[in-house]
Every structure is written in C-alpha cells, then in structure tokens.
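Engineer: need coordinates for the below:
(4 chains)
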Protein chains: 2
Amino acid sequence: MDARVRLSDVAKAAGVSSATVSRVLRRPELVSPGVRERILAVIEELGYFANPAARALASARTNVIGILIPSLTNNVFADVLRGIYSVAQDSPYDLQFANTRYSNLEEENLLRVFLSQKPAGLIVTGIDQSPASRALLKQASCPIVQIMETGDDPIDMMVGFSHVRSAHAATAHLVGQGYRRIAFLGARMDPRTRRRLQGYSRALEEAGLFDERLIVTTPRSSTVTLGCELLGLLLEKELNADAVFCNNDDLALGVLFECQRRRIATPAEMGVCGFNDLEMMAVANPSITSVRTFRQEMGERSIRMLIDRIEDRPVKAPVVDLGFELMARQSSQRRPPPL
Amino acid sequence: MDARVRLSDVAKAAGVSSATVSRVLRRPELVSPGVRERILAVIEELGYFANPAARALASARTNVIGILIPSLTNNVFADVLRGIYSVAQDSPYDLQFANTRYSNLEEENLLRVFLSQKPAGLIVTGIDQSPASRALLKQASCPIVQIMETGDDPIDMMVGFSHVRSAHAATAHLVGQGYRRIAFLGARMDPRTRRRLQGYSRALEEAGLFDERLIVTTPRSSTVTLGCELLGLLLEKELNADAVFCNNDDLALGVLFECQRRRIATPAEMGVCGFNDLEMMAVANPSITSVRTFRQEMGERSIRMLIDRIEDRPVKAPVVDLGFELMARQSSQRRPPPL
DNA sequence: TTGTACGCGTTATCAG
DNA sequence: CTGATAACGCGTACAA
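Structural biologist: Presented below is the predicted three-dimensional model:
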C-alpha cells in the first residue's frame, strides 16, 4: 500500500509510454478512444493516484485554491466555508484555508506564501486589503474573488452585498416601527462592521434621530455575553434608548437575555434587531428581527466563479451583489405611539 | 515577483553549492557557522522561499498535516479547529482539512487521498473508523491522533474524553435535583451521541428511572429549531417528562425557548441540561446547565502531540483524557419535592 | 495519434 | 564540512 504505483507503472501495464498516460489524464481528447479506455481501466485496476508534488513541479502550477478569511470560527465564515466546500468537494481542487485574524499585515504575509505556491485561484475576504496586498493580487497570475462585500474597483471578481445598505434598511425598519432612540451595538470593529455603522448613522440622520451617544462599540470580538454587557453599558448612559440595532446576532441574543433579566419588555420597551439571521433568531422568544444574508450562497458562487475562470469558462457577471433580506419579527414589532 | 528565486540562485549569490544551502535549511548543524550565517543573510535578502512541490518530490515527504473531521460548521469542531490552528500557525506545517460528513466511507476515501500524499501527520475524529480505515491508519508511516473521544485500543495517540461518563454525570445531576421523568433529546445520532445516550440510560437505570419512551431522537442535524420541535414531540407523547437532557446546547436552547412559548416554567416544571457548554449557556435566561468540554484544548493538545512525534520528541502520554465539567446552572436547579 | 527526452527545484548519497 | 550528481514523478515540446 505504501509502494505507490506511478505513472510509469500504469504505462508499462498498458503497454504505452508514460506520455500517453499523462495525456489521458490531462487532455483525454488527444488520445484515441481505444487506448484511452484501456489506460483508464489499468488506472482503475492499479488504483493509480497522481503524485501532486511531481505534478506541481512539472507543470509549474497547482490545484490548490487558497482561501483567506479573518476567522475560522465565526459563524458567518463557517457558513461561507460550507458553501465553498460543498462545490469544491467534487472538483479536482484542493482547498487551503488561512486565517488573517482580521489583520491586513497577516493577510499580506499569507498572500506571499500562497502566491509563491502558484495557486490555481484565490478567495480573499473584503475589499480593504493593504496597498501592498492589492498590488500582489493585481499582478497574480491566477483568478481571484473577493467575498463578503461589494464595491467598485474589484481586483478581479467579487461576490457579496452592501453592508451600508443592509444596515440602513434595518435601521429604517426600526424607525418605521416607531422607535426613536435607536442605539447601535458593535463588536470587533472590522471594516464591514464600520460600514454597517455608516448605514445605521445615515438612516438615523435622514430621520433626524441621530445621536452619537447611542453608539456603543468595542474592539472585543462578539459573543452573546458581550451583548449582555454592551446593553448594560448602554443603559448606564441613561439615554432613553428604546431600540438597539446589533452588529450581529450574537449580540442581539445577549441583548434579549439581558432585557429579560432586567424585566425590560421586548419589543414594547426595547426593540431589538440583529444581523445575519442565524438560524436561532426565528425561534427565539420573542423571535428576533434580523437581516438575512446569503452566506452559503456567497461561498458557492465565489468558488464556482473561480473554477469557471480557472478552467477558462466565461464568467458572465464578475461582480455579484447577493443582496439581503430584512426579516422583521416580534422583537421589533411595535406600532407607532398613539398621537 | 513572479520570477521565483530558487535554491540555486541563493547558492550562486552566496558562492556555495546548492547542497550547502539545502543543508542550512534542513540540518543547519552540519554547516559551519560562518557559511551558515552568510547563506541565511542571502536567503533573507533575496526573499527565498522553498518550493514545496520540489521539496516534497525530492524528500518523499510533505509538511502537510491532514485533519479529518465530520463537519466544518459544527460549533464543536470549530472550537477544536481553532485550537489546532492556534498552535499550527507558527509551525512549519500546513494544515489540510477534509470533511467526512459523518460517513465512514467518505473517511476511508479521504484517508487514501491523504495517505497517498505522505502527510507528516494525521488527525482523525473519533474511534469508530471502518476496519479498512483502521488498517490504512495502522500501517501509515506517519503519526496519528484520534480526537474527541477516549477508548482503549488507540491507533496511535488519542486525546478526548468519555462521552458515556460525561452524559452519565449530567443525567445523575438531574436525578439529584429531584427530577424523575428525565427525557433524552438527540439529533444526528453519530457514535458520540450514541455513547452519550448510553451514559444517560445507564444513569437512569441505576436510579430505577429509565423509560425508553422518554428517548426522542432524529437523524437530522441539530439546530435550535430542532430543539423546539423535539420538545414538541416529547410533550405530545404525554409522558409527564419533567426534565430533558439534550444531546447538545443547540437543542437545549431550543427547548428553553419552546418552554417559554408554552409557558412551561424552567426549571420548576421542566429541567434542562445541554452538552458542550457553549458560551451562551451561561448568559441565557435562565442560565442553562451544561457539560463543559475542553474543545479548544483538545485541538491544541492533539496537534502538539502530533508535532512532537513528527519531530521525534518523546510524547509522555500518548492517550489523554481531558475530562469534562458539569456546569450546574439555573435551568436544572430544583429542590427535591417535599416529602 | 503516440513516443522520446528533457526539465521542474529540491533532497540525498557519496566522494573529497 | 562541502560539492558533484543522481534521483523524485510527472508534464510537455518536439519528433516520429
């Protein structure tokens, strides 16, 4: 089992040269059907498996698709990865993940490592790469997809959605429900969170309701516990907040629990809206309003586009906006106050 | 930037042979300090980066550590991966994940693929590999760690905990709190879940409280929503259940929400206990009793053991039981009924 | 359509 | 301690 069978073994067994076997693997159409069948049979029989190292060395390219994401454990990225995985699974490509830990510098280093391996393609997160990273990517010889966001000036391809617009929609929804003192709770202020804050601010400015003091943020990474704490901080400020738009669903759930503990009625006294629409939002009690994002689809689309380009198939739309959907639920359901 | 600098370039620039450069990289102690320093300087200056394919081809081994887990998206494995990642990050090893989707057959196939690459090491999940997989692993030429469980008869090394004992402890806790009709809610009945069911059953048998009808399971994968549904199913059976031990925390949270919706008081009318102790359990309202498992540490330990063995450092304990901790909280806090 | 022959960048063996 | 030199297994011009 450890005595690997090589290309030449297959060739010998099939009575052809190794070049022909190689062709059957790479460009079968160049080999006559008869020979092809015979070789394929031998490959099957011997359980031949190409040595990836040799292949990479000889062809100066690999079947590795590199994936750069800020966090492996964040629910959001887990869903994206699942999407990526589901289509890569039955493709000839190997996935290689790396974790930038939300650092542009790490991203740059990882990029150098990846690029030095001549990957078949690359998926990177967001649109805020450092200038050096952008330069590296621009002159890379493989296709590249940026995910999670949309923007003008894509490096190559792009699939995501607008964080500004989605947050704007969520905030506008709260305004429409009659809330007037709408706070923002934000954790790990990465670029996408910042843009959501922008959308929030813009919506409130449009409604003449913006109050900077209602913004509570922290660099810590988001957890349910943190949601509880941030709500506590907000309440301490005594600003008469009557709703919170949360950076993400973890925080929103924490807010819900903390409201329950403090006997603050949701949605009557405190409206709550999350972001991402994790599965649990719909079944919480009360159910929690959130902004649905299409994370798994984002993963699927991105890797599909990438593979299409790797294999020289035309990609109709190189920039895809997947949009979002406001899921209005009980936690924000309040009629406007009576006149 | 695309014109890669090779080993020979370094050699030329340093005025030595490429063999010497290679030695500096692999076995620096065999090179005289003076030459070594000079070469290292040149490497730095030229930004030399070894070609992994060439290296793998020439040395017939790779720096790839393969990780086989059943699911990429499950919270539990995400934590384990984080642990693995955190120590692999600054090691020379590349991680390569693969997803067995809880299938022994897929695992077997993936194993063949991995093994054919001569990985430096392998991490596999659980102890229920197929006989064929076990055989493959046994004769593999690299170290192997099984994670998530402990058991006798390790393939090589092992780090996990006892699912039977931990579930037993949780169930005994509920019994100790005075609950008498304790149900089991289980999703995705994988081997570890089954063993937890065993622990549950055993504890109730010991207390003379076992009733098979109180066991509600499904092959579907676990979600909070599913927790709501399973509780519904349980209640339909009208068995006077007064507590539920859940397969995992997602289900437990769903049960809590569903109890709230149905106005079933927790913990008075219904005790709830989860498994894994996800972060949110402690801040739920009421806080949810759970069994804490050391997932991140499991990842860290496993990869550390693996790397130690790869690098021929002695591993003191090749089988590690990380244990568990019962986190008793409000959701199971009921005094025994008055006499 | 098929075979020959060389090269990919490194490691390893063996002299020196 | 250092330097030739031959693999490692496959891809690919080029020739046939």
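
Engineer: A:Ala140 sits in which helix or strand?
Structural biologist: Taking DSSP states H and E as the definition, one finds A:Ala140 inside no helix or strand.

Engineer: pretty sure it sits against A:Gly121.
Structural biologist: No - A:Ala140 is beyond contact range of A:Gly121, at 9.5 Å (criterion: Cβ atoms under 8 Å). In this view, the C-beta of every residue, glycine as well, is placed from N, C-alpha and C.

Engineer: give me the more crowded residue out of those two.
Structural biologist: A:Gly121 (24 against 20; other Cβ atoms under 10 Å in any protein chain shown).

Engineer: read off the pLDDT value for that one.
Structural biologist: Turning to A:Gly121, the model gives it a pLDDT of 95.

Engineer: repeat for A:Asp321
Structural biologist: At A:Asp321, the model reports a pLDDT of 98.

Engineer: before we move on, what about A:Cys259?
Structural biologist: 98.

Engineer: if we ignore the residues flanking it in sequence, what's nearest it?
Structural biologist: Distances taken as Cβ to Cβ, 6 or more residues apart in numbering or on different chains put A:Thr266 closest to A:Cys259, at 5.0 Å, once the chain neighbours are dropped.

Engineer: how would you label the one you found: helix, strand or coil?
Structural biologist: Of the three states, A:Thr266 takes coil under DSSP: H, G, I helix; E, B strand; the rest coil.

Engineer: now swap in A:Arg309 and tell me
Structural biologist: Assignment for A:Arg309 (three-state DSSP): helix.

Engineer: equivalent analysis for A:Val216, please.
Structural biologist: strand.

Engineer: is it true that A:Pro70 touches A:Phe97?
Structural biologist: No - A:Pro70 lies out of contact with A:Phe97 (Cβ under 8 Å); the separation is 11.5 Å.

Engineer: please enumerate the helices of the stretch 151-300 of chain A.
Structural biologist: Here the stretch 151-300 of chain A has its helices, by DSSP state H, counting those that start in this stretch, at A:163-176, A:191-206, A:224-236, A:249-261, A:295-310.

Engineer: would you mark the buried spots in the first one?
Structural biologist: Judged by neighbour count (16 or more other Cβ atoms under 10 Å in any protein chain shown), helix A:163-176 contains these buried residues: A:163-175.

Engineer: residues in contact with it?
Structural biologist: Helix A:163-176 is touched from outside by A:149, A:182, A:192-193, A:195-200, A:202-204, A:206-207, A:209, A:243, A:245, A:271, A:273, A:275, A:289, A:291, A:293, A:324, A:326, A:328, A:332, with contacts defined as Cβ atoms under 8 Å, 6 or more residues apart in numbering or on different chains.

Engineer: again, 7 Å this time
Structural biologist: A:149, A:182, A:192, A:195-196, A:198-200, A:202-204, A:207, A:209, A:243, A:245, A:271, A:273, A:275, A:291, A:324, A:326, A:328, A:332 (Cβ atoms under 7 Å, 6 or more residues apart in numbering or on different chains).

Engineer: shaky segments in the stretch 201-339 of chain A?
Structural biologist: For the stretch 201-339 of chain A, the stretches flagged by pLDDT under 70 are A:335-339.

Engineer: quick revisit: quick one: the residue nearest to A:Cys259 from A:Asp249, how far?
Structural biologist: 15 Å (Cβ to Cβ, to the nearest Å).

Engineer: on that earlier part again, closest to DNA strand D out of the helices of the stretch 151-300 of chain A?
Structural biologist: Among the helices of the stretch 151-300 of chain A, the nearest to DNA strand D by Cβ to the nearest atom of the strand is helix A:295-310 (13.8 Å).

Engineer: what residues does the stretch 151-300 of chain A put near chain B?
Structural biologist: Within the stretch 151-300 of chain A, the residues that sit near chain B (Cβ under 7 Å from any Cβ of the partner chain) are A:223-225, A:228, A:253-254, A:257, A:260-261, A:279-280, A:282-285.

Engineer: 8 Å instead?
Structural biologist: A:223-225, A:228, A:250, A:253-254, A:257-258, A:260-261, A:279-280, A:282-285 (Cβ under 8 Å from any Cβ of the partner chain).

Engineer: of the residues you listed, buried ones?
Structural biologist: Judged by 16+ other Cβ under 10 Å, buried ones among those: A:223-225, A:228, A:250, A:253-254, A:257-258, A:260-261, A:280, A:282-285.

Engineer: need the pLDDT of the residue nearest to A:Ala203 when sequence neighbours are not counted.
Structural biologist: Nearest non-adjacent residue to A:Ala203, counting by Cβ to Cβ, 6+ apart: A:Thr171, 3.7 Å away. At A:Thr171, the pLDDT value in this model is 98.

Engineer: gap between A:Glu149 and DNA strand D?
Structural biologist: 35 Å (Cβ to the nearest atom of the strand, to the nearest Å).

Engineer: so where do the helices sit in the stretch 1-150 of chain A?
Structural biologist: Applying DSSP H, counting those that start in this stretch to the stretch 1-150 of chain A gives helices spanning A:7-14, A:18-26, A:33-46, A:52-59, A:75-88, A:104-116, A:131-138.

Engineer: pick the most deeply packed of those helices.
Structural biologist: Counting by mean count of other Cβ atoms under 10 Å in any protein chain shown, helix A:75-88 has the highest mean neighbour count of the helices of the stretch 1-150 of chain A, with a mean of 22.

Engineer: and it, what does it pack against?
Structural biologist: Counting contacts by 3 or more Cβ pairs under 8 Å, 6 or more residues apart in numbering or on different chains; DSSP states H and E, helix A:75-88 is packed against strand A:64-69, strand A:94-99, helix A:295-310.

Engineer: quick one, it and helix B:75-88 angle?
Structural biologist: 90 degrees (axes from the mean of the first three to the mean of the last three Cα atoms, to 10 degrees).

Engineer: with just CA atoms, put helix A:75-88 into CSV.
Structural biologist: What follows is helix A:75-88, C-alpha atoms only, in CSV (Å, rounded to 0.1, in the frame of the first residue of the first chain):
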residue,chain,number,x,y,z
ASN,A,75,-20.5,31.5,12.4
VAL,A,76,-20.6,33.8,9.4
PHE,A,77,-17.5,32.4,7.9
ALA,A,78,-18.3,28.9,8.8
ASP,A,79,-21.4,29.2,6.6
VAL,A,80,-19.4,30.7,3.7
LEU,A,81,-16.9,27.9,4.1
ARG,A,82,-19.6,25.3,4.0
GLY,A,83,-20.7,26.8,0.7
ILE,A,84,-17.3,26.8,-0.7
TYR,A,85,-16.7,23.3,0.5
SER,A,86,-19.8,21.9,-1.0
VAL,A,87,-18.9,22.8,-4.5
ALA,A,88,-15.1,22.2,-4.2
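
Engineer: quick check: residues of the stretch 1-150 of chain A near DNA strand C?
Structural biologist: For the stretch 1-150 of chain A, the residues in contact with DNA strand C (Cβ under 7 Å from any atom of the strand) are A:15-20, A:23, A:30-32, A:34-36, A:54, A:57-58, A:60.

Engineer: out of the helices and strands packed on helix A:75-88, which is closest to B:Leu136?
Structural biologist: strand A:94-99 (19.6 Å; Cβ to Cβ).

Engineer: what pLDDT, on average, does the closest one get?
Structural biologist: 86.

Engineer: what residues does that strand touch?
Structural biologist: A:52, A:62-72, A:81, A:84-85, A:88, A:106, A:110, A:113-114, A:119, B:85, B:89, B:94-97.

Engineer: just the CA atoms of stretch A:18-33, as CSV, please.
Structural biologist: In CSV, the C-alpha atoms belonging to stretch A:18-33 read as follows (Å, rounded to 0.1, in the frame of the first residue of the first chain):
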residue,chain,number,x,y,z
SER,A,18,4.0,7.4,-19.9
ALA,A,19,3.4,10.4,-22.0
THR,A,20,0.2,8.8,-23.3
VAL,A,21,-0.9,8.0,-19.8
SER,A,22,-0.3,11.6,-18.8
ARG,A,23,-2.3,12.8,-21.8
VAL,A,24,-5.2,10.6,-20.8
LEU,A,25,-5.2,12.4,-17.5
ARG,A,26,-4.8,15.9,-18.7
ARG,A,27,-6.1,16.1,-22.3
PRO,A,28,-8.0,12.9,-23.0
GLU,A,29,-9.3,14.2,-26.3
LEU,A,30,-5.8,13.9,-27.7
VAL,A,31,-5.8,10.1,-27.2
SER,A,32,-7.6,7.6,-29.3
PRO,A,33,-10.7,6.1,-27.7
